[in-house]
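# here is the input, now give the coordinates:
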Amino acid sequence: MTFLKDDFWIFENEARSQGFTQIAGIDEAGRGPLAGPVVSGAVILPAGFDAPGINDSKKLTPRKRDKLYDQIRAGAIAVGVGIVDNFQIDEINILQAALLSMAQAAGGLSPAPDFLLIDGAFTTPAKIKQKAIPKGDALSISIAAASIIAKVTRDRIMANYHDRYPEYGFNRHKGYPTKAHKEAIARHGITPIHRLTFKGVKEYV
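Numbering: from 1, shown residues only. Predicted coordinates:
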């Protein structure tokens, strides 16, 4: 999908027209994996921020994501990250864990946001005016930026776990339920970072 520059700011501009000034996009990475945390990013961008190629993180190559990650970190007004580990995911369920990580990411922003643009159909527990936008990572530049922060952060966490558990291939599949990952679980059992309540894992508990 190709965007005209103004199209990608439509939700931010709408919020500004209502008097909000610190508008944060929020997105998460890692709802579907069998292992590892769910991670959210929150980003407040300055008006007119331009990083060529910024888009939904899933549509970008790892190299492009890394480049944009650095540009967002350098140019954003504020960046926040929320991380909820596999133990809490098992305790409160993945949806609630994802929303909690989003609230954590928003809480880590300085200056604090006065309006949140949330990717998806649900708002977060944060006590801030907010709007849920299905497929928001492809519609809002702030949410797209947040999706890149979340994805790169989580991928790096999983790459570190690969060093600890190299036989599972976390650096390749990042904990998602690929054939190779399922075969590794069947062969080696589960690790302390696996989500015990997820199908594909709980039968090995």
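
# now I23: how far from A150?
As judged by Cβ to Cβ, to the nearest Å, I23 and A150 stand 17 Å apart. To be clear about C-beta, it is placed using only N, CA and C from the backbone, and glycine gets the same treatment.

# so which of these two has more stuff around it?
A150 (30 against 27; other Cβ atoms under 10 Å).

# what about that one, which SS state?
What DSSP: H, G, I helix; E, B strand; the rest coil gives for A150 is helix.

# my read is that F11 contacts L117, right?
Yes: if you go by Cβ atoms under 8 Å, F11 and L117 touch, sitting 5.3 Å apart.

# higher neighbour count, those two?
L117 (27 against 20).

# which residues in this structure form helices?
In the chain, the helices defined using DSSP state H lie at 10-17, 62-75, 86-92, 94-107, 141-164, 170-173, 179-188.

# who wins for proximity to A29 among those?
Comparison of the helices of the chain against A29 by Cβ to Cβ identifies helix 141-164 as nearest, at 4.0 Å.

# quick one: list the elements packing against that closest one.
On a contact count with 3 or more Cβ pairs under 8 Å, 6 or more residues apart in numbering; DSSP states H and E, helix 141-164 meets helix 10-17, strand 23-29, strand 38-44, helix 62-75, strand 78-84, strand 115-119, helix 170-173.

# just the buried positions in that helix, please.
In terms of neighbour count (16 or more other Cβ atoms under 10 Å), helix 141-164 has its buried residues at 141-155, 157-158, 161-162.

# now that helix against strand 38-44, angle please.
140 degrees (axes from the mean of the first three to the mean of the last three Cα atoms, to 10 degrees).

# now do helix 141-164: distance to the chain's middle.
Distance, stretch centre to chain centre, for helix 141-164: 7 Å (Cα atoms, centre = their mean, to the nearest Å).

# what sits in contact with each of F11 and L117?
Residues within reach of F11 and of L117 at once, by Cβ atoms under 8 Å, 6 or more residues apart in numbering, are K131, I133, G136, S140, S142.
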